[in-house]
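Student: attaching a predicted model along with its sequence, questions to come.
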Amino acid sequence: MLNTPKALTIAGSDSGGGAGIQADLKTFQELGAYGMSVITAITAQNTLGVQGIHPVPVEMVMKQLKSIEDDLRPEALKTGMLFSAEIIEAVAAHLRKHGWKNVVVDPVMIAKGGADLLQEDAVEALKKHLIPLATILTPNIPEAERLTGKSICSRKGREDAAKLLHELGARMIVIKGGHLTLDKAPVDLFYDGEHMHELQGRRVDTPQTHGTGCTFAAAIAAELALGKTPLHAVHTAKTFIQEAISHPLHIGSGHGPTNHWAYRRNQA
Ligand SMILES: Nc1ncnc2c1ncn2[C@@H]1O[C@H](COP(=O)(O)OP(=O)(O)OP(=O)(O)O)[C@@H](O)[C@H]1O
Ligand SMILES: Cc1ncc(CO)c(N)n1
């Protein structure tokens, strides 16, 4: 019998269920990968914002990683909210030591409501320790600006940022287009280290976009776990998030979650 593909998320918990660990596990499930988690921080969060953050002690993060390594080695993984430099360094050291492959790094920095999900001094740790291990790095435009130190105002600016991030060590990069001005289609740019590809999208005018970045990166990781190529994985992830945003659930009174069921329902 074939082994069931296992996908791991290393990220923060969102009590509201729309982002972080919860969004990742729902996405893995919908795409047919067995989902596992290493929790780096607990957030008290809902569709209105983040009310509290409690980082998990680094020793406990390492214990979770070891439990997975000893028994349930993943075919692919994604990282999300890592919060501190010490957690980033511990996660990166583990990935290096054990040679875990198919690493999707979503460099989560700020929640949609403005809360800091990454400490200021952790950005350098991300650049130095984790980005060089990324198979696919998935920054949004503000994150790409922060990582490269350059503002992005054009298509050429995004291409240059992708190349700079490649020089930092990421093998492939998707610069997401969700933060482009409202009238523009949210085209994501995928750089495979040689060529630029466009991931076309239709903008949905909705506030229900909580966790879009987490869901997108988790879908890429699930597809890599299933053995798909990176190009196939990013295209499927784009379709997955487009469906999830296009069929909102209308939950909560702020930035509501996306609909993780929509993709599979539409495929059926
Ligand atoms: N309003 C929208 N309509 C259609 N697609 C969107 C919309 N907003 C974001 N997307 C898509 O969702 C995916 C995630 O992009 P986005 O830029 O929102 O990530 P993010 O800012 O990291 O998300 P998060 O706030 O969860 O961290 C991308 O594929 C993007 O093009
Ligand atoms: C736990 C967590 N991770 C990531 C995000 C970004 O969407 C969030 N709001 N919460």
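Tutor: Noted; the coordinates are in hand. Ligands and ions are numbered 1, 2, ... in the order given.

Student: show me what contacts the residue of the stretch 51-200 of the chain found nearest ligand 1?
Tutor: Closest residue of the stretch 51-200 of the chain to ligand 1, C-beta to the nearest ligand atom: Gly178 (2.3 Å). In this view, the C-beta of every residue, glycine as well, is placed from N, C-alpha and C. Each residue near Gly178 by C-beta atoms under 8 Å, 6 or more residues apart in numbering is listed here: Asn140, Pro186, Thr209, Thr212, Gly213.

Student: so the last one, which of the three states?
Tutor: Three-state secondary structure (criterion: DSSP: H, G, I helix; E, B strand; the rest coil) places Gly213 in helix.

Student: what strand or helix carries Gln242?
Tutor: Assessed by DSSP states H and E, Gln242 sits inside helix 230-246.

Student: how about that helix: buried residues?
Tutor: Judged by neighbour count (16 or more other C-beta atoms under 10 Å), helix 230-246 contains these buried residues: 230, 233-238, 240-246.

Student: quick one: least confident of the contacts of Gly178?
Tutor: Here the lowest pLDDT out of these sits on Pro186, with 87.

Student: what's around that residue, how many residues?
Tutor: Applying other C-beta atoms under 10 Å, we find 21 other residues in the vicinity of Pro186.

Student: how about it, what does it touch?
Tutor: So Pro186 contacts Lys176, Gly177, Gly178, Leu180, Gly201, Arg202, Arg203 (C-beta under 8 Å, 6+ apart).

Student: interface residues of the chain facing ligand 1?
Tutor: Proximity of the chain to ligand 1, by C-beta under 6 Å from any ligand atom, involves residues 19, 108, 112, 140, 176-179, 186, 188, 201, 203-204, 209, 211-214, 216, 238, 241-242, 245.

Student: helix, strand, or coil at Gln45?
Tutor: Taking three-state DSSP as the rule, one finds Gln45 in the strand state.
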